[in-house]
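In: Turn this into a structure:
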Amino acid sequence: MMKNKTSCDYIIVGQGLAGTLMAYFLEEAGKTVGLIDQPDERAASQVAAGIINPVTGRRYVKSWRIDQLLPFAEKTYRAIEDKFGIRIYHQRNILRSLFNSREENDWLLRTAEPGYESYLLDTAHLGKYAEHTVPAFSYGEVSQAAQVNLPLLIETYRKYLVENERIITDHFDYGAIEFEAEQVRYQQLCAKTIIFCEGHKAIHNPFFNYLPFRGAKGEVLIIRIADVDFEKILKHRVFIAPLGNQLYWVGSSYVWQYQDEHPTAQGKAFLLDRLADILQVPFEVVEHRSAIRPTVKDRRPFLGRHTEWPQLAIFNGLGTKGTSLGPFWAKALQEHLCQGNTLDPAVDIQRFVSE
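Out: Model (predicted):
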């Protein structure tokens, strides 16, 4: 598309979660955008369950800056729902299996700490899981959790971009970039800045591949379970998350050393073994998917302009918590690019530039 478009304020490369949110906030700020993206069914945004989990890890700690990120994320996804007439944000508590008395005691101690009362319930309510799963030693329940339908978000926004001739379906050619005094040209397009939102593919980007990406491969199953109607998300070593129409997302495995992006027999066996430990009802495997998550060494996103080529910027490294991180930091980068606001040092890529 964009047949008759020769200029815009910003070119965005990649239309996963990062690129979609970046385009949304730039357009909300009155800027024109053009996107370049080659769809990939194995992109992390297409495979992820979109879970927002406020309390994570073996120590049951609040996710980084979740008090700030969570309300902004909900506000953003609700605004996108209103704009496009879709429903993508689903509030769903997370049931967390506790496997021994030590884990239960640690959980109870955490529920009593200041700042956790709005996220951890005093009593877990299993609902239909009590009837159809193998009981754990005990359970905790996380409130204010949510699940965002990322494929629907991206599909809806892509349709909007196509209808408005703002997207080119193609692989990006780094060698075709032409730098000018205060702008940058790519093929027929001219813009102030190119923003790279490429996910794990950024390791091939010659301008930003110095950043310490640590891609992690994850494999998931989409299964069908008839007539159980699980409403909450269950974390029992792996997640079981409702997708609707008797479908459930099961995942994910974590592999740091991998050969490619494709699903493996080992990954499938791992997930099936975990399901055998949990479910007491029959299920059907509908799909087996895999993706590479764009994880980061210090677990903080990558935002900012290139030091030598300020016409280039990056928004990446959202990793496993991209659904909660994405909206707040996309807005922060939009304000940095459009208004010159200073980026938070915790996410600014200048933290990796040698003095």
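In: Kindly check the end-to-end length of stretch 113-124 for me.
Out: Counting by Cα to Cα, to the nearest Å, you get 18 Å between the two ends of stretch 113-124.
In: Name the surrounding residues that touch it.
Out: Residues outside stretch 113-124 that contact it (Cβ atoms under 8 Å, 6 or more residues apart in numbering): 54-55, 60, 62, 66-67, 93, 95-96, 107, 110-111, 138-144. Where you see a C-beta, it was placed from the backbone N, CA and C, and this is true even at glycine.
In: Any quick ChimeraX command for the buried ones out of the residues you listed?
Out: Burial among the contacts of stretch 113-124 is assessed by 16 or more other Cβ atoms under 10 Å; the matching ChimeraX selection reads:
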select :54,55,60,62,66,93,95,96,107,110,111,138,139,140,141,142,144
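In: Which parts of the stretch 1-150 of the chain are helices?
Out: Secondary structure of the stretch 1-150 of the chain by DSSP state H, counting those that start in this stretch: the helices cover 17-28, 44-47, 66-84, 101-111, 129-132, 150-163.
In: which stretch among these comes nearest I349?
Out: Evaluated over the helices of the stretch 1-150 of the chain, closeness to I349 peaks at helix 17-28, with 14.0 Å, by Cβ to Cβ.
In: Now do that closest one: which elements does it pack against?
Out: Judged by 3 or more Cβ pairs under 8 Å, 6 or more residues apart in numbering; DSSP states H and E, the packing partners of helix 17-28 are strand 10-13, strand 33-37, helix 44-47, helix 66-84, helix 150-163, strand 312-316, helix 322-339.
In: Run through who's touching that helix.
Out: Residues from elsewhere that reach helix 17-28 (Cβ under 8 Å, 6+ apart): 9-10, 12-13, 15, 33, 35, 37, 44-45, 76, 80, 150, 153-154, 157, 161, 195, 197, 199, 315-316, 318, 322-323, 326-327, 330-331, 333-334, 337-338.
In: run the last query once more with 6 Å
Out: 10, 12, 33, 45, 150, 154, 157, 195, 197, 315, 318, 322, 326-327, 330-331, 334 (Cβ atoms under 6 Å, 6 or more residues apart in numbering).
In: Stretch 37-53 now?
Out: Applying Cβ under 6 Å, 6+ apart, the contact partners of stretch 37-53 are 14-17, 94, 145-148, 150-151, 154, 171, 199, 220, 241, 249, 261, 289, 291, 293, 323-324.
In: filter those to the buried ones?
Out: For the contacts of stretch 37-53, a burial check counting by 16+ other Cβ under 10 Å picks out 14-17, 94, 145-148, 150-151, 154, 199, 220, 241, 249, 261, 289, 291, 293, 323-324.
In: L243 - how many residues pack around it?
Out: Per other Cβ atoms under 10 Å, the neighbour tally for L243 reads 17.
In: which residues touch it?
Out: L243 sits in contact with W249, where contact means Cβ under 6 Å, 6+ apart.
In: gap between it and Q266?
Out: Distance, L243 to Q266, by Cβ to Cβ, to the nearest Å: 24 Å.
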